[in-house]
Each structure stands twice: as structure tokens, then as C-alpha cells.
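[1] I'd like to go over a predicted model; first the sequence, then the structure.
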Amino acid sequence: MKILNALMGLAVAVAAATVSANAADYTTEMVWQEMVGKDGSIHMPKADFRRDWPVLGTWALTGDDGKVTGQHVVYSQRSTIDAFRATGEFPDGAVLIKELLLAQSASLTTGEAAWATEISGWFVMIKDRKNRFPKNQLWGKGWGWAYFGAEDKTTSPTKSFRAECMGCHVPAKKEDWIYSYAYPVLAKK
Ligand code: HEC
């Protein structure tokens, strides 16, 4: 009986480890099944990416008075980091999520410090190395592009990445449209 219990405990532990490994890794296959519709529509991941995915980097935005008023936190899968470190390129199915947060600042014991407060939305990019949706306006330049407001995580209001995203990403064109210099975790070890 003891052995049986021990075995069952082991099975549960293995199952739990598998689930969390999947959630943390979010393989290419899962991305194409879950985050992209047959028509090329883009969806947020079901995974708790804020908990399970590594942060590539953060940006602080300041108002006219120099105070930090916003923070952007960029997440991706661990497997994307591994692939980028090995090849210097984003692999097919790489997902980058930029979370937009408001921020507040105050004089703390460390000095003037700012911290993130409410989420206002997410910008999502999915790497497509196969040009899967040549006619869909959310896809092009090797990526799928979409924005989601915090009030509606299920439907993206983005209609055209060329009109709504691309222009602002031109300065990062040479780095595959991504501001990757701000993501030191991508550098080779
Ligand atoms: C007003 C200019 C602007 C627009 C419009 C814009 N972006 Fe960006 N985006 C940036 C800048 C600048 C960064 C990096 C610095 C920052 O976040 O402040 C960035 C970063 C990102 C990131 C994090 C990865 C990276 O490139 O560093 C994602 C993902 C992203 N944008 C997706 C989108 C999508 C999708 C759209 C359209 C729906 C879009 N962006 C529209 C300027 C813009």
C-alpha cells in the first residue's frame, strides 16, 4: 500500500511538473494552436505569462516634470531566450508581450523611486517565419501584430499593423523590428 501511495504521489508530482514546464515554455506548437486563429486573428495566451514567462526588460516613461508615469514590461518564452542566445534571431512562434502599466513615484528610503500600478493594455507580437497570412493586415515583416486594451483581453481593436504599429518600429528595423538592445537577457552567456 505504501508503495502504491508513493507511486501515486510521484505520478501527481510528474504531472504537475509537466504542466508547469509547458506553461513556462509555451512551445511553438501551442502558440500557433492557441494564440492564432485559422484566419490569422491574434489572441492573448491563456497561460499566466506574468507569472510563468521571463521578463526581457522594462521601460520607464516620464512626464514633463521628469517623474515616472508609466512602465512597460516585456515578456517572452524561456525557449525564445534560449533560441535567440544560440542564433541571434527570434525563432518561429516567439511571442513578445509588452504590458503597459501606469506608475507612481515617491521619495522612499532608497531615494526617489517609482513602481507600477494598474495595467492599461498589452502589445503582442508573434514571430512568423513562414509568411502564413500574406493577405491579413495583422501580419507582415515577419511578425503578427496586435494590441489589447485592459478592458477587453479577448478582442484586439488593431486593424492594420502598417497603419498602427510599423511606423513607430522603423528605428528598430535592423533588429528585426524589435528594440532588443533593451533586453540584456537575450545576450549570449
Ligand atoms: C508611438 C509609437 C509606437 C506605436 C504606435 C507602436 N509601438 Fe510598439 N514599441 C514602440 C517603442 C518605442 C517600443 C520600445 C520602447 C517602449 O516601449 O517605450 C515598443 C515596443 C514594443 C514591443 C516590445 C518589443 C520591442 O519591440 O521592443 C512590442 C511587442 C510592441 N511594441 C508591439 C507593438 C504593436 C503590436 C503595435 C501596434 C498595434 C505597436 N507596438 C505600436 C513604439 C510604438
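    Received the coordinates, thanks. Residues are numbered from 1 along each chain as shown.
[2] from the chain's centre, how far out does the top strand by length along the chain sit?
    In terms of residue count, the longest strand belonging to the chain (DSSP state E) is strand 111-127. Chain-centre distance of strand 111-127: 11 Å, with C-alpha atoms, centre = their mean, to the nearest Å.
[3] Same check on stretch 151-161?
    Centre to centre, stretch against its chain (C-alpha atoms, centre = their mean), the figure for stretch 151-161 is 15 Å.
[4] Do me a favour and get the end-to-end distance for that stretch?
    Using C-alpha to C-alpha, to the nearest Å, the end-to-end distance of stretch 151-161 comes out at 21 Å.
[5] What are the buried residues along it?
    By 16 or more other C-beta atoms under 10 Å, the buried positions in stretch 151-161 come out as 156, 158, 161. C-beta: built from backbone N, CA, C; applies to glycine.
[6] Would you mind pulling the contact partners of it?
    Residues outside stretch 151-161 that contact it (C-beta atoms under 8 Å, 6 or more residues apart in numbering) are 41-44, 122, 124, 137-141, 143-149, 164-165.
[7] What helices and strands are in contact with the longest strand of the chain?
    strand 68-76, strand 95-108, strand 143-149 (3 or more C-beta pairs under 8 Å, 6 or more residues apart in numbering; DSSP states H and E).
[8] about what we covered before: which of the buried residues of stretch 151-161 lies closest to Asp92?
    Phe161 (17.8 Å; C-beta to C-beta).
[9] how close does the closest one sit to Gly140?
    Separation of Phe161 from Gly140 (C-beta to C-beta, to the nearest Å): 6 Å.
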